[in-house]
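Enquirer: The sequence and its predicted three-dimensional model are supplied below.
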Amino acid sequence: MTKTFIDELEDIVDIVADWCAEVVNDTVAKLSTNGRPFMMSEKDPQQQLAEYMILINSPDPQMAFVNYIDGKARDIIARLMASNIPENEIVSIHPYDIAARHVIIWSAEMEALRAKYESRTPSSTYT
């Protein structure tokens, strides 16, 4: 039976999807060593909370978070480039999406930690 245009197109989609999955898996394997979070080194929770409080207490918290995300994305890009990952592969994993996702999760964790500290003591000792 001969393949139709649709059959050939589906085969191409499968090949591209497999390639993309391989690129992402290789990238994650190169970046997540020693069980640490993706592209991050662990900081003490109080250090993280202090850093978070600086962001939310800045004169323009929205811009502070935009700059923070931008910095994280640039760090990811720099580390990928230092690992000799080609630029087209770096673009394909969306470093800004990774950075934004990290900051969203981190912000939720810091809000939970902040609430925990505030429930213990009314005066904030982490700012």
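Expert: Right, received. Where do you want to start?
Enquirer: Can you name the element that comes right after the one helix or strand Asp26 maps to?
Expert: Assigned by DSSP states H and E, Asp26 belongs to helix 5-31. Using DSSP H and E, the next helix or strand after helix 5-31 towards the C-terminus is helix 45-56.
Enquirer: For the chain, spot the helix or strand the model is least confident about on average.
Expert: Sorting the helices and strands of the chain by mean pLDDT, DSSP states H and E puts helix 5-31 at the bottom, at a mean of 80.
Enquirer: chain center to that one, what's the gap?
Expert: Centre-to-centre, helix 5-31 and its host chain are 22 Å apart (CA atoms, centre = their mean, to the nearest Å).
Enquirer: on contacts alone, who are the packing partners of that helix?
Expert: Judged by 3 or more CB pairs under 8 Å, 6 or more residues apart in numbering; DSSP states H and E, the packing partners of helix 5-31 are helix 61-82, helix 87-92. Every C-beta, even on glycine, is put in place using the N, C-alpha and C of the backbone.
Enquirer: at 7 Å instead, please
Expert: If contacts are counted by 3 or more CB pairs under 7 Å, 6 or more residues apart in numbering; DSSP states H and E, helix 5-31 sits against helix 87-92.
Enquirer: If you tally nearby residues, what's the number for Tyr52?
Expert: 22 (other CB atoms under 10 Å).
Enquirer: Nearest residue to Lys3 in space, please, no chain neighbours.
Expert: Distances taken as CB to CB, 6 or more residues apart in numbering place Asp11 nearest to Lys3, at 7.6 Å, with adjacent residues excluded.
Enquirer: same check, this time on Leu55
Expert: Nearest residue to Leu55 in three dimensions, chain neighbours excluded: Ala64, at 4.6 Å (CB to CB, 6+ apart).
Enquirer: Can you give me the pLDDT of the one you found?
Expert: As predicted, Ala64 sits at a pLDDT of 95.
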